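Novice: For reference, the sequence and a predicted model appear below.
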Amino acid sequence: MLRTITQQTEAIAELRRICDRTQDDSLLHKESTVREILASVQRQGDLALLQYTAEFDHLTLSLDQLKVSGAELDAAYQQIPQERLDAIRSYSQQIKAFHLKQRRQSQVHFGDHQVVVGQRYTPVDRVGLYIRGTQNISPSQILLNAIPAVVAGVPNIVMLTPPSPEQQMHPAVLVAAQEAGIEAIYRVGGAQGIAALAYGTATIPAVDVIAGSGNIYVTLAKKLVYGSVGLDALTGPSELVILADHTANPSYIAADLLAHAESDPLAAAILITSDTTLATKVVLEVNQTLSGYGILTEKAIAHYGLVITVDDIQNATSLVNGMAPAQVSLALHDPWRLVEHIRHAGSILMGSHTPPSAGQLLVGANPNLPTAGTARYSSGPGVETFMKQTHLIQYSANALSHSAQHLDTLVQLEEETAQSLSLRIRSKQSE
């Protein structure tokens, strides 16, 4: 059942509890298991992948079955209806258009005395995408994770996803991967898949950046291999916070809360409103229809669903910023008036006619947003995730001579004798 809170101190405590919902004693045991898996794959390579696939996925694969064959990829185009292929291609173009606006351009500035400074942006060499195993096909997840890397200019993209019991992948998944520019697909899941991408095996090449989300074991594996490889984000169960006033439609809000809770039994679905009548209607509608969405949705609403009533909707922004949720929805008469006060959120949805699915399915924004309060210091992945910035600096002899005295004073202050020599020897030759 969806609960209502009216006291500010209780609301703050509940939001903190929700943010910390994945921090339990079992996490240490899971991390220990993941460390063992990572070490095993690093030592034994493909053999460890096959052993863990048999243990965790209950599926015996041969080495040549790890990689999806060219024949399977070709056959997928024959098995998918034309309207689905058209939809995948249209969606791909939509995602590409959204992300082209994000690509940074290299630049060079020519200053006085022939000083040249600039920044160059270049893509990484290879990206590995992890697409979580699911009972439902997920071509959108493939496109949303792969196309930003393509826009960045990454020349090599591979994809891993857990194998199905039948060893077959849905043709829409294979087609989406090819349309997105993925060059190889492997039937590997879990922490062992992340290890393969980070360290490489004889079959799966090591990558520079790992993108995509999975279960807690996948997230822990990404956390532990960071440093050996770059990451898009460390995402966990998501949060949706809706700020609503008296103009909001209670049916819209109830539907959005249920839709978010349906995604994960640990998902947090929260309404903050200054209208007690709206709060009552939303609670009633959610509780009346909740049983039709299954036990996992009921669990999410019971443990991490919440309605908070406040005196002033503008003051509610402190609750939002304190939680730093993955998604914020402003179901307000004038959402733009409040948006500048929301400082910490992975994504902000403006107005009552922008459902949470709009960012992903209509605009093409990546759904792997920062969770568990990490929006305080991080952002969702985008084109920049797959690019590096390099400083470009050039001094002419004249420019160096002009600045030599100040530079030498700073170098001597820091007692760097060799640095001082490096500077002075150039200055003397330029005189």
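Specialist: Done, it's in.

Novice: Tell me where the model's unsure across the stretch 251-400 of the chain.
Specialist: The stretch 251-400 of the chain contains no residues with pLDDT under 70.

Novice: residue ranges of the strands in the stretch 101-250 of the chain, please?
Specialist: Taking DSSP state E, counting those that start in this stretch as the test, the strands found in the stretch 101-250 of the chain are 107-110, 115-123, 126-130, 156-161, 184-187, 209-211, 230-231, 239-244.

Novice: correct me, but Ser420 touches Thr409?
Specialist: No - assessed by Cβ atoms under 8 Å, Ser420 is found out of contact with Thr409, at 9.8 Å. Placement of C-beta: from N, CA and C, glycine included.

Novice: More neighbours: these two, which one.
Specialist: It is Ser420, of Ser420 and Thr409, that has more neighbours when counted by other Cβ atoms under 10 Å, with 17 against 10.

Novice: Run through the residues that contact that one.
Specialist: Residues in contact with Ser420, defined by Cβ atoms under 8 Å, 6 or more residues apart in numbering, are Asp408, Val411, Gln412.

Novice: and of the strands of the stretch 101-250 of the chain, who's closest to Gln23?
Specialist: strand 239-244 (14.6 Å; Cβ to Cβ).

Novice: What are the contacting residues of that closest one?
Specialist: Defining contact as Cβ under 8 Å, 6+ apart, one finds that strand 239-244 is touched by 18-19, 253, 256-257, 260, 267-273, 275, 278, 313, 316-317, 320, 323, 325-332, 338, 345, 356, 371.

Novice: average model confidence for it?
Specialist: Per-region confidence: strand 239-244 scores 96 on mean pLDDT.

Novice: That one: what's the following helix or strand?
Specialist: On the C-terminal side of strand 239-244, the closest following helix or strand by DSSP states H and E is helix 250-262.

Novice: who touches that following helix?
Specialist: 2, 238, 240, 242, 244, 267-271, 278, 281-282, 285-286, 289-290, 293-294, 296-297, 300-301, 304-305, 327, 329, 331, 352, 355-357.

Novice: Same check on stretch 52-62?
Specialist: The contact list for stretch 52-62, computed with Cβ under 8 Å, 6+ apart, reads 37, 40-41, 50, 162-163, 165, 167, 187-190, 192.

Novice: Could you pick out the buried ones from the contacts of helix 250-262?
Specialist: Among the contacts of helix 250-262, those classed as buried by 16 or more other Cβ atoms under 10 Å are 2, 238, 240, 242, 244, 267-271, 278, 281-282, 285-286, 290, 293, 297, 300-301, 304-305, 327, 329, 331, 352, 356.

Novice: Narrow those residues to those in strands?
Specialist: If you go by DSSP state E, the buried ones among the contacts of helix 250-262 have Leu240, Ile242, Ala244, Ala268, Ala269, Ile270, Leu271, Gly305, Gln327, Ser329, Ala331 in strands.

Novice: quick one: which of these is nearest to Leu73?
Specialist: Gln327 (34.5 Å).

Novice: Test my guess that that closest one contacts Pro370.
Specialist: No - contact status for Gln327 versus Pro370: not in contact, 10.3 Å apart, counting by Cβ under 8 Å.

Novice: Overlap in contacts, those two.
Specialist: Counting by Cβ under 8 Å, 6+ apart, the contacts common to Gln327 and Pro370 are Gly346.

Novice: if you skip the residues just before and after it, what's nearest to Thr247?
Specialist: Nearest non-adjacent residue to Thr247, counting by Cβ to Cβ, 6 or more residues apart in numbering: His333, 4.4 Å away.

Novice: Name the SS class of the one you found, please.
Specialist: At His333, secondary structure determined by DSSP: H, G, I helix; E, B strand; the rest coil is coil.

Novice: That one - how many residues pack around it?
Specialist: Using other Cβ under 10 Å, the number of residues around His333 comes to 13.

Novice: Surely it is in contact with Asp245?
Specialist: Yes - if you go by Cβ under 8 Å, His333 and Asp245 touch, sitting 6.0 Å apart.

Novice: Report the secondary structure state of the most centrally placed residue in the chain.
Specialist: What sits nearest the mean C-alpha location of the chain, by Cα atoms, centre = their mean, is Asn368, with 3.0 Å. With three-state DSSP as the basis, Asn368 sits in coil.
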